[in-house]
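[1] sequence and predicted model, in that order:
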Amino acid sequence: MAVVRFAVMGGGQFDSRSSLSGLTTGAWLRARALGLLYIAGASIGAASLVLPHSVRADDAALWSNTGLAYLGGAALLLLGGRIPGWGFHVALAVGSLLITRAVLASHDPVSFYTVWYIWVGLYAFYFFARAEAFAHVTLAMGLYAATLIAHPAPSGLARWLTTVATLVVAGGFIGALVTRARNQAQLAEQSAASIATVAEVAHSVARLSESHAARTAVCAAAARLTGADTAAIWEPARGGASLELSGFSGPRPTQPALPFVAAPGGAVRAFTTGQVVAATAGDAAPEFVGEPRAPRAFLWQPVRRDEVPIAVLAIYWQNARAIEEPTLLTTADLLGAEVAVTLERVELMIRLESMARTDDLTGLPNRRAWDEELPREVLRARREKASLCVAMVDLDHFKEYNDERGHQAGDRLLKQAAAAWTLELRGTDFLARYGGEEFALALPQCTPEEAKVVVERLRAATPQGETCSAGIASWDGVESAPALLGRADAALYEAKRRGRNLSITV
Ligand code: GH3
Ligand code: MG
Ligand code: MG
């Protein structure tokens, strides 16, 4: 069996593959930097000529050099962003030539003018690719070597070597810094993009309150954002022995449940450790056992509520390299948070809906739930050509009971009656608190005779020796739900009129 390869990863462990970001590529920025270097060089050159300097220097040539440098600087600043890419190489090479001419005209091959060569290196390593920068350094150092050959000096070679070494060291530093800054800028850009997309996802998923649709939508978004083939949500099963597939988008995992014991895979590990798990070995993903086209890269992101894992967002790719995407961990983290919010919202909606349909005191469905349920029962009876009975049940003399024993005792009786009656019913029967001390009961697939038996059983179960009256109506095969209920209500009224503690069927 192949060794399971897991990588439990913290943030930012991936090497970022650099591609050019806008950080150092703007033509305008390049032109301004080089233009200013030209002007700074020209100004220093002019100052060196005004200040006391060697009598051997060719002042006329140096002044003309200064003038040329000013012109070059002005041209670079004026042309700015319109300069094509190759124009900067030409301008920098011209800079190297001007520096070499200044060194020659100074008649001193170890003149401080050679410091300007360092500027060439710094500029090249900052703005150009490494190979291009090396080409500029080679040109500059070649030119400098030529001046040393033309005007040999005792310390010439040492000076040349020092200049080359300084150039390469400084250039190396600049190059490394630029690469890092570029990568970080790129990562930041990608993170910002994924945050924006996740926010968009959050917005669209927020409208879905139905639990299955919301889970599917957030999985679809996760798959789209990460370029995955399948994204799935795994949640603890009711018994607590496994993780269960509760939503997915893309090809379905073959296993609907992942037991916590028995060679736990990445999903179970992520759930139990609360850490992101990534793998590229199939053994880590028992969810695809037996699938010939199983994915080849996997990431399991724990979904936490108050720091405690409540689910796992699993992302599956056919392309094993997808897992190397530098912003993947950030995106998965955001998606995990989004899944947490979605699950919480869906749960809340379910609770709210159930609260809106439940009577607080008795825990029975309330009148709103009844008004929704009865038409459904009528439709079903019509479709199945089945019988359906409805009963209205009302406690007798409940006002007196309240008056004698107090409202709280009345509440207790209502609760006890609801509980006792529920025990007498089948799972398909529907008992609701219609209002006050009045209850409505739907009895699908019950003949009037059977309904009478059930209602009498209910009446007999009324707690504390209290009594109740009931009106029973059998659906006539055509009438509407309100008409059916109206007939049951009329029968109840008749039962009360006839002295209470009895049921009447119509
Ligand atoms: P009948 O036998 O004709 O049905 O007489 P009754 O007294 O039961 O009926 P009536 O409609 O005159 O009074 C109903 C009483 O039920 C009045 C009201 O205070 C009481 N009631 C309604 N809802 C509640 C409740 O939630 N808790 C309590 N304790 N009493 C309630
Ligand atoms: Mg009553
Ligand atoms: Mg009443």
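    Thanks, I have the structure now. Ligands and ions are numbered 1, 2, ... in the order given.
[2] does the nearest residue to residue 506 once chain neighbours are set aside sit in a helix or strand, and which one?
    The shortest distance from residue 506 to any non-neighbouring residue, by C-beta to C-beta, 6 or more residues apart in numbering, is to residue 491 (4.6 Å). For every residue, glycine as well, the C-beta is placed using N, CA and C. Using DSSP states H and E, residue 491 sits in helix 481-497.
[3] so for the helix or strand following that helix, what gets flagged as buried?
    Next along the chain after helix 481-497, taking DSSP H and E as the criterion, comes strand 503-505. For strand 503-505, a neighbour-count test (16 or more other C-beta atoms under 10 Å) marks 503, 504, 505 as buried.
[4] gap between strand 503-505 and the chain center?
    60 Å (C-alpha atoms, centre = their mean, to the nearest Å).
[5] against which helices or strands is it packed?
    Contact partners of strand 503-505 among helices and strands, from 3 or more C-beta pairs under 8 Å, 6 or more residues apart in numbering; DSSP states H and E: helix 448-460, strand 468-474, helix 481-497.
[6] who touches it?
    391, 448, 451-452, 455-456, 459, 469-474, 491-492, 494-495, 498 (C-beta atoms under 8 Å, 6 or more residues apart in numbering).
[7] domain parsing for the protein?
    27-188, 209-354, 367-505 (automatic domain parsing).
[8] list the contacts of the closest residue to residue 128 other than its chain neighbours.
    Distance criterion C-beta to C-beta, 6+ apart; nearest residue to residue 128, sequence neighbours excluded, is residue 136 at 7.1 Å. Residues counted as contacts of residue 136 (C-beta under 8 Å, 6+ apart) are 89, 92, 93, 96, 120, 121, 124, 128.
[9] what segments of the chain are strands?
    6-8, 230-236, 242-249, 257-259, 277-279, 297-305, 308-317, 388-395, 430-435, 438-444, 468-474, 503-505 (DSSP state E).
[10] now the ones you listed as JSON lines including mean pLDDT and distance to ligand 3?
    As requested, the strands of the chain are exported to JSON lines (pLDDT from 0 to 100; distance: least, C-beta to the ion, whole Å):
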{"stretch": "strand 6-8", "mean pLDDT": "42", "distance to ligand 3": "65"}
{"stretch": "strand 230-236", "mean pLDDT": "97", "distance to ligand 3": "45"}
{"stretch": "strand 242-249", "mean pLDDT": "95", "distance to ligand 3": "44"}
{"stretch": "strand 257-259", "mean pLDDT": "93", "distance to ligand 3": "50"}
{"stretch": "strand 277-279", "mean pLDDT": "94", "distance to ligand 3": "61"}
{"stretch": "strand 297-305", "mean pLDDT": "96", "distance to ligand 3": "45"}
{"stretch": "strand 308-317", "mean pLDDT": "97", "distance to ligand 3": "45"}
{"stretch": "strand 388-395", "mean pLDDT": "98", "distance to ligand 3": "5"}
{"stretch": "strand 430-435", "mean pLDDT": "97", "distance to ligand 3": "8"}
{"stretch": "strand 438-444", "mean pLDDT": "98", "distance to ligand 3": "5"}
{"stretch": "strand 468-474", "mean pLDDT": "98", "distance to ligand 3": "9"}
{"stretch": "strand 503-505", "mean pLDDT": "97", "distance to ligand 3": "15"}
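[11] of all those strands, which one comes closest to residue 141?
    strand 6-8 (45.6 Å; C-beta to C-beta).
[12] surely residue 35 meets residue 81?
    No - Residue 35 is not in contact with residue 81 according to C-beta atoms under 8 Å; the separation is 11.8 Å.
[13] these two: which is more packed in?
    Of the pair residue 35 and residue 81, residue 35 is the one with more neighbours under other C-beta atoms under 10 Å, namely 21 against 11.
[14] what sits closest to the more buried one if chain neighbours are left out?
    residue 76 (3.4 Å).
[15] mean confidence score for stretch 59-69?
    Averaging pLDDT along stretch 59-69 yields 95.
[16] now for the helices and strands packed on strand 503-505, which one comes closest to residue 155?
    Here helix 481-497 is closest among the helices and strands packed on strand 503-505 (C-beta to C-beta), at 108.5 Å.
[17] and residue 262, how many neighbours?
    10.
[18] about what we covered before: could you dump the contacts of residue 136 to CSV with neighbour count?
    Formatted as CSV, these follow (neighbours: other C-beta atoms under 10 Å):
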residue, neighbour count
89, 16
92, 24
93, 16
96, 22
120, 24
121, 25
124, 28
128, 21
